[in-house]
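Colleague: sequence and predicted model, in that order:
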Amino acid sequence: MAPPAKRILVVDDHPGSAETLAALLVIAGHQAAFTSDSREALELAQRFRPEVAIVDLNMPHIDGYQLAGLFRADNALKDACLVALTAYGATEQRELTSKAGFDAHLVKPFDLQSLKAILKKFDAA
């Protein structure tokens, strides 16, 4: 049996990356929204109400760490599963994302199986 579909928000300052990942999530049966502007991410999230947000860490204006804090401070968004998306996978980086409020850490480039495992873990929680 397939896991239940999720509302997933993708935030990445590379528009092509954000759009492509959102399209892959839709193909996998999820509802997906995306933005490449971190300043728009919170407003979009408040309208879309994602269950999962995949957030690039290194973005101009509002970085992923700050965005995680904004999600956690918003009553409507605080329970969303936050997935950090970054090129860095060292232990120190993973500790920083955890302290910032992220539930999971994906290292670019990632394979879809890694993302599926995170979503499955989130289903079990």
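Modeller: Arrived safely, thanks for sending.
Colleague: tell me where this structure has helices.
Modeller: Counting by DSSP state H, the chain has helices at residues 15-27, 38-48, 64-73, 91-100, 112-124.
Colleague: quick one: P60 from D13, how far?
Modeller: 6 Å (Cβ to Cβ, to the nearest Å). C-betas here are computed from N, CA, C, even on glycine.
Colleague: neighbour count winner among the two?
Modeller: D13 (17 against 9; other Cβ atoms under 10 Å).
Colleague: residues in contact with that one?
Modeller: 36-38, 56, 58-60 (Cβ atoms under 8 Å, 6 or more residues apart in numbering).
Colleague: can you pick out the ones from the residues you listed that are in strands?
Modeller: Counting by DSSP state E, the part of the contacts of D13 found in strands is D56.
Colleague: for the contacts of D13, which one is nearest K99?
Modeller: Within the contacts of D13, proximity to K99 (Cβ to Cβ) peaks at N58, which comes in at 16.9 Å.
Colleague: skipping adjacent residues, who's closest to that closest one in space?
Modeller: In this structure, N58 finds its nearest non-sequential neighbour in T86, 6.8 Å apart by Cβ to Cβ, 6 or more residues apart in numbering.
Colleague: from the centroid of this structure, which residue is nearest?
Modeller: Central residue of the chain (Cα atoms, centre = their mean): I54, 1.1 Å from the mean position.
Colleague: quick check: it vs C81, distance?
Modeller: For I54, the distance to C81 - Cβ to Cβ - is 9 Å.
Colleague: ok, now S38?
Modeller: With Cβ to Cβ as the criterion, S38 and C81 are 18 Å apart.
Colleague: one more: L119?
Modeller: From L119 to C81 the distance is 8 Å (Cβ to Cβ).
Colleague: picking that back up, what is in contact with P60 and D13 at once?
Modeller: S38.
Colleague: on that earlier part again, quick one: pLDDT of the residue nearest to the centre of the chain?
Modeller: Note on I54: pLDDT of 97.
Colleague: bridged to it, which residues?
Modeller: V10, V83 (DSSP bridges).
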